[in-house]
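Colleague: sequence and predicted structure, then a few things I'm wondering about:
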Amino acid sequence: MCNIEKTILDSIAQEDSSFKGEGYTSLAIIYLFFSLSNWLAPSFMSVTGPRVAIVVGALTYIGFMITFLFPSTVLLYVGSAIIGIGAALTWTGQGTYLARCSNADTISRNSGIFWALLQCSMFFGNLFVYYQFQDKTHIDKQTRDLVIGVLTAVAVLGIVFLLALRFMPNNAEQDNELEEKQTGCGQAVYALKSAGKLFLTKNMLLLSLAFFYTGLELSFFSGVFGSSIGFTTSIAETPKQIVGLVGICIGAGEVFGGGFFGILASKTTRFGRDPIVIAGYVLHMAAFFMTYLNLPNSAPFKDTTDISYLDPPSASMALVCAFLLGLGDACINTQVYSMLGGEYVNNAVGAFALFKFMQSVAAAISFFYSAFLGLYVQLAILVVSGTIGTIAFVIVEWSFKRQHQDD
């Protein structure tokens, strides 16, 4: 939904002058509430467990999509806040459940498989959107309702499968202090304090820099990049149609990366996580540079006839950038999941909650400034934060390597 939300909302606004909903504002609200709610997710899961948290969070996704069938500025922003809360439960629950299904030998493989399956939604969802938006310069109500209706139906089917998840026992070492917290309230308070202590450790503070970058690049490729292409009128006869292709290429990169690192986990883990993260960094830097050459500075805001260094802008280059963004994202996120699930198994709930907290804070900030900062400034921010985040991740990875060698 992220990469088509602004396009759909702009189409609604063209038909209904009373509708003032703005895509970047909605996404900023989502990630603002997402970030705040991540501090409460460990407490919620200490009482319910990850399976219930995942299902409750998934229900909020359905509610948010339904708001597009009844356009209302207030309903849009309220739905954005609710899905932000639900997203914290879903993502922290998924990470915790993944950690419970894995051990030190299988976490890299399972992280890759999880990421590939997760990102299949981008590939198939955007393939559907591409055909629905074909030859359209304006997304009419009938097309919007069909797209939202199909995505909602798929989400309902997904919840049915989530309900079938089997119970997985906690594989963390026994925590005597947590054992003493017999009441749900006591466990919830302890889980919150435990996450706070973990956040202040040296390695987690360094990892937070990497987490922050994943939030910035997530908001860029999921919201800003596709919209920028759709608003660049000279890139194709029907630039809105290209938005669907962009999502397909991002999804293809994500699925390829996740599948590759899942299938070949036994070989890639031999060299550690840091070479894969560095490879993702290089792919992203290449994509940012090509985007700088290809798209105009005013592209994120509205339809524009401006050009950048390439005249006319190249749709093919934009699609290559989309694939590189997806593949680079898979490189980084699979290794983050592998590290958190493998090195923080005794506090997986807190570790994944902190990851999603920093990521969603960054995404919220990014969507706020995306409404007024030009494309080139946004790319500069991504380059600087990506460099710092990659260095921080490598330092932590080397720290864990030395620790394992000493043991």
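Modeller: That came through, no problem. Numbers count the residues shown, from 1 in each chain.

Colleague: all strands for the chain, in order.
Modeller: With DSSP state E, there are no strands along the chain.

Colleague: where does it have low pLDDT?
Modeller: 1-3, 137, 171-192, 263-270, 407 (pLDDT under 70).

Colleague: can you do 50?
Modeller: Residues of the chain meeting the criterion pLDDT under 50: 175-180, 182.

Colleague: just give me the longest helix of it.
Modeller: Looking only at the chain and at elements set by DSSP state H, the helix with the highest residue count is helix 375-406.

Colleague: for that one, buried residues please.
Modeller: Using 16 or more other C-beta atoms under 10 Å as the test for burial, helix 375-406 gives 375-376, 378-379, 381-382, 385-386, 389-390, 392-397. Using the backbone N, CA and C atoms, a C-beta is placed for each residue, glycine as well.

Colleague: which residues does stretch 38-58 contact?
Modeller: 86-94, 96-97, 100, 155, 158-159, 162-163, 165, 167-168, 184, 187-192, 194-195, 349-350, 353-354, 356-357, 360 (C-beta atoms under 8 Å, 6 or more residues apart in numbering).

Colleague: and that stretch, what's buried?
Modeller: 38-46, 48-51, 53-58.

Colleague: ditto for stretch 99-119
Modeller: For stretch 99-119, by 16+ other C-beta under 10 Å, it's 99-102, 107-116, 119.

Colleague: let me see the contact set for Leu162.
Modeller: 51, 54-55, 58.

Colleague: and the furthest pair within those residues?
Modeller: Within the contacts of Leu162, Arg51 and Ala58 form the most distant pair, 10.9 Å apart (C-beta to C-beta).

Colleague: if we can go back for a sec, which of the buried residues of stretch 99-119 lies closest to Phe68?
Modeller: Gln119 (22.4 Å).

Colleague: now the closest one: closest residue in space that isn't a chain neighbour?
Modeller: Once flanking residues are discounted, Gln119 sits nearest to Glu254: 3.3 Å by C-beta to C-beta, 6 or more residues apart in numbering.

Colleague: residues contacting the one you found?
Modeller: Counting by C-beta under 8 Å, 6+ apart, Glu254 makes contact with 115-116, 118-119, 122-123, 326-327, 329-330.

Colleague: in PyMOL, select just the buried ones from the contacts of stretch 38-58.
Modeller: To isolate the buried ones among those in PyMOL, judged by 16+ other C-beta under 10 Å, type:
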select buried, resi 86+87+88+89+90+91+92+93+94+96+97+100+155+162+168+187+188+190+191+192+194+195+349+350+353+354+356+357+360
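
Colleague: picking up where we left off before, now the contacts of Glu254 in JSON lines, please, with extra columns for distance to Tyr344.
Modeller: What follows is the contacts of Glu254, written out as JSON lines (distance: C-beta to C-beta, whole Å):
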{"residue": "Trp115", "distance to Tyr344": "18"}
{"residue": "Ala116", "distance to Tyr344": "22"}
{"residue": "Leu118", "distance to Tyr344": "20"}
{"residue": "Gln119", "distance to Tyr344": "23"}
{"residue": "Met122", "distance to Tyr344": "27"}
{"residue": "Phe123", "distance to Tyr344": "30"}
{"residue": "Gly326", "distance to Tyr344": "26"}
{"residue": "Leu327", "distance to Tyr344": "26"}
{"residue": "Asp329", "distance to Tyr344": "21"}
{"residue": "Ala330", "distance to Tyr344": "21"}
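
Colleague: just those: which are in helices?
Modeller: 115-116, 118-119, 122-123, 326-327, 329-330.

Colleague: tell me which two of the residues you listed sit farthest apart.
Modeller: Leu118 and Leu327 (14.7 Å).

Colleague: how deep is the spatially closest residue to Phe355 that is not a sequence neighbour tucked in, by neighbour count?
Modeller: What sits nearest to Phe355 in space, not counting adjacent residues and going by C-beta to C-beta, 6+ apart, is Phe211, at 5.1 Å. For Phe211, the tally of surrounding residues (other C-beta atoms under 10 Å) stands at 25.

Colleague: Trp39 versus Phe211, what's the distance?
Modeller: Using C-beta to C-beta, to the nearest Å, Phe211 is found at 14 Å from Trp39.

Colleague: ok, Asn294 next?
Modeller: 39 Å.

Colleague: ok, back up a step: of the buried residues of helix 375-406, closest to Thr201?
Modeller: Among these, and counting by C-beta to C-beta, the member closest to Thr201 is Val396, at 10.4 Å.

Colleague: got the contact list for that closest one?
Modeller: 203, 206-207, 210, 339.

Colleague: distance of Gly374 from Tyr292?
Modeller: 11 Å.

Colleague: again with Pro42
Modeller: 40 Å.

Colleague: now do Thr233
Modeller: On the measure of C-beta to C-beta, Thr233 and Tyr292 end up 19 Å apart.

Colleague: surely Thr334 is in contact with Phe261?
Modeller: Yes: Thr334 lies in contact with Phe261 (C-beta atoms under 8 Å); the separation is 4.8 Å.

Colleague: and the residue nearest to Met65 when sequence neighbours are not counted, how many neighbours?
Modeller: Of all residues beyond its chain neighbours, the one nearest Met65 is Thr152 (4.8 Å), with distances taken as C-beta to C-beta, 6+ apart. Neighbours of Thr152 under the rule other C-beta under 10 Å: 18.

Colleague: ok, Thr152 - contacts?
Modeller: 62, 65-66.

Colleague: wait, which of those residues is closest to Leu283?
Modeller: Of all these, the one with the least separation from Leu283 (C-beta to C-beta) is Met65, at 31.0 Å.

Colleague: how many neighbours does that closest one have?
Modeller: 20.

Colleague: you'd agree it is up against Val147?
Modeller: No: Met65 lies out of contact with Val147 (C-beta under 8 Å); the separation is 9.7 Å.

Colleague: okay, and which of the buried residues of stretch 99-119 map to helices?
Modeller: Per DSSP H, those map to helices at 99-100, 107-116, 119.

Colleague: now the two most distant members of the residues you listed.
Modeller: Among these, Arg100 and Gln119 lie farthest apart (C-beta to C-beta), at 21.7 Å.

Colleague: from Ile229, how far out is the closest residue in space to Ser111 that isn't next to it in sequence?
Modeller: With C-beta to C-beta, 6+ apart as the criterion, Ser111 has its nearest non-adjacent residue at 3.9 Å, and that residue is Tyr337. Relative to Ile229, Tyr337 is positioned 29 Å away (C-beta to C-beta).
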